[in-house]
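Peer 1: Okay, sequence plus prediction incoming.
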Amino acid sequence: MTLYDKTVAFVDAAFKNERQKKHFQRTVFWLEKFLSKITEAHRIAAYAHDIERGITGERDKDYLNPVFLRQHQEEGARIMKEFLQREDADQKTIDTVQHLISKHEEGGDVEQDALMNADSVSYFEANAEMFVRERAKKEGYAKIKGKLDWMFNRITSPQAKEAALENYEKWSAELETYK
């Protein structure tokens, strides 16, 4: 069993629904499109980028709050560092995974931006429907519109914007019915 396979098993055990697994799989898929040189560490970071939510739960429903986002990234990086150490991963892999997850919401360098972009494109494929069809009823139009806009507007590459545009427009239009 590869380290990536062990990561998938670890992450999948922390989440209860298939939608999240699809989001993680699609994040890996898109990261492979957005980075020319991809390693097992990149794939691990892409699959495990939201591990904090699976382990600790979504404590703060203000999911666009910069303090929450920073904590989410940092805690996820810490969780994965500990997991990879338990699995006797080499230090370069640990450092790469930690570096990527620690900035996957806000980006930073080329690789962190690529993971952030992959996360956004995958969000529109796997998670936006739930935000629009379920959360909008409970949390309101403005909050969900803010989430959709933020996830789209944080995308830094034209290729990723193009990949996300159709789904962003689709879910934004459907959200209008909740206005």
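Peer 2: All right, it came through fine.
Peer 1: which stretches of this protein have low pLDDT?
Peer 2: Confidence mapping of the chain against pLDDT under 70 gives the ranges 58-61.
Peer 1: Can you pull up the most central residue in it?
Peer 2: Centrality entry for the chain: nearest residue to the mean C-alpha point is D119, 4.1 Å, by CA atoms, centre = their mean.
Peer 1: hang on, it packs against Y47?
Peer 2: No. Contact between D119 and Y47 fails when scored by CB atoms under 8 Å: they sit 11.2 Å apart. For glycine as for every other residue, the C-beta is placed from the backbone atoms N, C-alpha and C.
Peer 1: Quickly list what's touching both of these two.
Peer 2: T27 (CB atoms under 8 Å, 6 or more residues apart in numbering).
Peer 1: on that earlier part again, quickly find the element holding the residue nearest to the centre of the chain.
Peer 2: With elements delineated by DSSP states H and E, D119 resides in helix 110-126, which encompasses its position.
Peer 1: Buried residues in the helix or strand following that helix, which are they?
Peer 2: Once helix 110-126 ends, the next helix or strand along the chain (criterion: DSSP H and E) is helix 128-130. Within helix 128-130, the residues that count as buried by 16 or more other CB atoms under 10 Å are A128.
Peer 1: can you give me the offset of helix 128-130 from its chain's centre?
Peer 2: Distance of helix 128-130 from the chain centroid (CA atoms, centre = their mean, to the nearest Å) equals 14 Å.
Peer 1: Can you give me the buried ones in the helix or strand that it is followed by?
Peer 2: Using DSSP H and E, the helix or strand that directly follows helix 128-130 along the chain is helix 136-139. Taking 16+ other CB under 10 Å as the basis for neighbour counts, the residues of helix 136-139 that come out buried are A136, E139.
Peer 1: got it, and stretch 122-133?
Peer 2: Buried positions in stretch 122-133, judged by neighbour count with 16+ other CB under 10 Å: S122, Y123, F124, E125, A126, N127, A128, F131, V132.
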